[in-house]
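Novice: Any chance you could fold what I've pasted below:
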Amino acid sequence: MTHPVAVISDTGPLSYLHRLGHLDILHQLYRHVLVPPAVVAELNVGLRLGRDLPDVTTLDWIELRSPPAHALQGIDGLGAGETEGIALSRSLPGSLVLLDDGHARKVAASLGLHLTGTVGVLLVAKERGLLDRVGPELERLQTFGFRLAAPAWRAVLERAGETD
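Specialist: Numbering: from 1, shown residues only. The predicted structure follows:
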């Protein structure tokens with residue numbers, strides 16, 4: 001999928017890319033990112049608690065957009081941000097939704113949605129010359145509590161051309 005109709009982000013990718021100092025990669029890759037209200041609310045809760053999170057309302061390339069009510073139907077067992085992100089993607093055929101949570105990714109895939117996550121964004125950034133190496137970023141992600149299974153870690157490094 002080279003040119004998605006829209007790119008929608010959940011809280012995780014925004015948080016992790018911000019903490020890596022690479023939030024602008026989303027702007028460079030996709031120009032415009034949609035964020036549902038529940039994601040802004042989740043980020044704002046973290047900001048009020050003093051966490052290192054982006055205030056996406058200050059970024060002119062991020063647009064707050066609510067999913068239509070009908071698109072929320074049948075999405076159960078997920079957090080509010082994931083639910084609204086998937087619903088918004090569902091309402092915009094051809095869109096790309098950014099999700100890190102494993103269960104949310106399974107739900108999005110079962111609905112036939114195009115999806116990627118923080119690691120996928122980093123890989124595309126490297127392929128487009130915006131990052132030199134993905135490996136050090138994966139190591140930094142781990143220090144933030146990001147979990148990536150060893151086989152997936154190896155596959156990412158292989159795709160990035162960073163295996164020994």
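Novice: Check the model's average confidence along stretch 135-142 for me.
Specialist: When the per-residue pLDDT values of stretch 135-142 are averaged, the result is 95.
Novice: same check, this time on stretch 149-164
Specialist: When pLDDT is averaged along stretch 149-164, the result is 90.
Novice: what does the lowest-mean-pLDDT helix or strand in the chain contact?
Specialist: Within the chain, no helix or strand scores below helix 150-159, which has a mean of 92 by mean pLDDT, DSSP states H and E. For helix 150-159, the external contacting residues (C-beta atoms under 8 Å, 6 or more residues apart in numbering) are 119, 123, 134, 135, 138, 148, 163. Bear in mind the C-beta positions are built from the backbone N, C-alpha and C, glycine included.
Novice: Compare the residues you listed and tell me which has the most neighbours.
Specialist: Neighbours here mean other C-beta atoms under 10 Å. Within the contacts of helix 150-159, the largest count is held by residue 119, at 23 neighbours.
Novice: Report all helices and strands that the strand or helix carrying that one contacts.
Specialist: Residue 119 is part of helix 118-127, with elements assigned from DSSP states H and E. With contacts taken as 3 or more C-beta pairs under 8 Å, 6 or more residues apart in numbering; DSSP states H and E, helix 118-127 sits against helix 11-20, helix 24-30, strand 96-98, helix 135-143, helix 150-159.
Novice: No further queries at this time; thank you.
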